[in-house]
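> Pasting the sequence and the predicted coordinates here, then a few questions.
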Amino acid sequence: MKTKSISNIQVAVCVAVIVSLLVMPLAAKDVFRGRMLTERAPIEPPAVEIQIEIDSWTTPEEIVQFNQILASSGPDSFLSAFNATNKGVVRFLYARGFNLTVHMAQFSEDEKGKKVILVFRREPWSQGSQLSGGRNYFMAIELKLNKKGEGEGRFYEDAQIEMDSMAGRVYLKGYESSPKIIPSIKEKKPK
C-alpha cells in the first residue's frame with residue numbers, strides 16, 4: 001500500500017516536471033552574422049561569412065571561479081576548466097571553415113550600443129591553416145555594435161586575456177599578430 005502511494009507521488013512529480021518544461025519558453029540564442037576579411041587571398045577567399053551563436057553568457061561568478069582555480073591550482077587546472085565550458089560557437093561559413101567553441105562570452109551596454117567579447121582556445125580555424133608561433137593560449141573576438149545591433153569587430157588569433165574578479169569581467173589584454181577585420185556584423189533579432 002505504501003509502495004502504491006509513493007509511486008503515485010513520483011508519477012505526479014514527473015508529470016509536473018514535464019509540464020513545466022513544456023510550458024517554459026525555449027532558451028533563445030543570441031546570433032550575430034557578418035563578414036570577416038581573411039587576409040589569405042588568393043589561396044583562400046578574401047572574405048568569409050561568419051555566424052556567432054551564443055547559448056549563454058559568462059557570469060561574474062564564473063570569472064571569480066576561473067580566477068580561484070588559476071590561483072589555487074595553476075594554469076593546467078584553469079585551462080581544463082576553461083576548455084570544459086561551452087557558451088556557444090563561431091561558425092566560419094565556407095567550404096573549408098571550422099566551428100570554434102566559445103568558452104567565455106560577455107557583453108556590456110552603454111548609451112552608444114553593445115560591446116561583446118568572446119574567448120576561445122587557440123586553434124586553427126580553417127582547414128590547412130597552421131598556428132603561427134605565438135605565446136598566448138587564447139583567441140578572441142571583440143564586437144562593437146550600435147543601438148540597432150549593427151557594427152564591426154576584430155578577430156585576434158593570438159590573444160592574451162585578463163580576468164578581473166572585482167568587476168567579474170574578462171578583457172583583451174594584448175595580442176601578438178594583427179587581427180582579422182570584421183567590417184560588418186549584425187545581431188539577428190528573434191522573430
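Done, it's in. Numbers count the residues shown, from 1 in each chain.

> Show the end-to-end separation of stretch 32-47, please.
Separation of the first and last residues of stretch 32-47 by CA to CA, to the nearest Å is 16 Å.

> Not counting that stretch itself, show me its contacts.
Here stretch 32-47 makes contact (CB atoms under 8 Å, 6 or more residues apart in numbering) with 48-52, 54, 92, 94, 96, 116, 126, 129, 143, 153, 155, 180-188. (C-beta placed from N, C-alpha, C; glycine too.)

> in the sheet, who's paired with the spatially most central residue of the chain?
Among the residues of the chain, the one closest to the centroid is residue 102, at 3.1 Å (CA atoms, centre = their mean). Applying DSSP bridges to residue 102 gives these bridge partners: residue 88.

> before we move on, what about residue 185?
Where residue 185 sits in a bridge, its partners, by DSSP bridges, are residue 34, residue 151.

> circling back: weed out the non-buried ones from the contacts of stretch 32-47.
Buried members of the contacts of stretch 32-47, counted by 16 or more other CB atoms under 10 Å: 48, 50, 52, 54, 92, 116, 126, 129, 143, 153, 155, 180-182, 185, 187.

> now the chain, which segments are flagged as low pLDDT?
1-28, 40-41, 43, 124-135, 191 (pLDDT under 70).

> What about the buried ones among the contacts of stretch 32-47, which are in strands?
48, 50, 52, 54, 92, 116, 143, 153, 155, 180-182, 185, 187 (DSSP state E).
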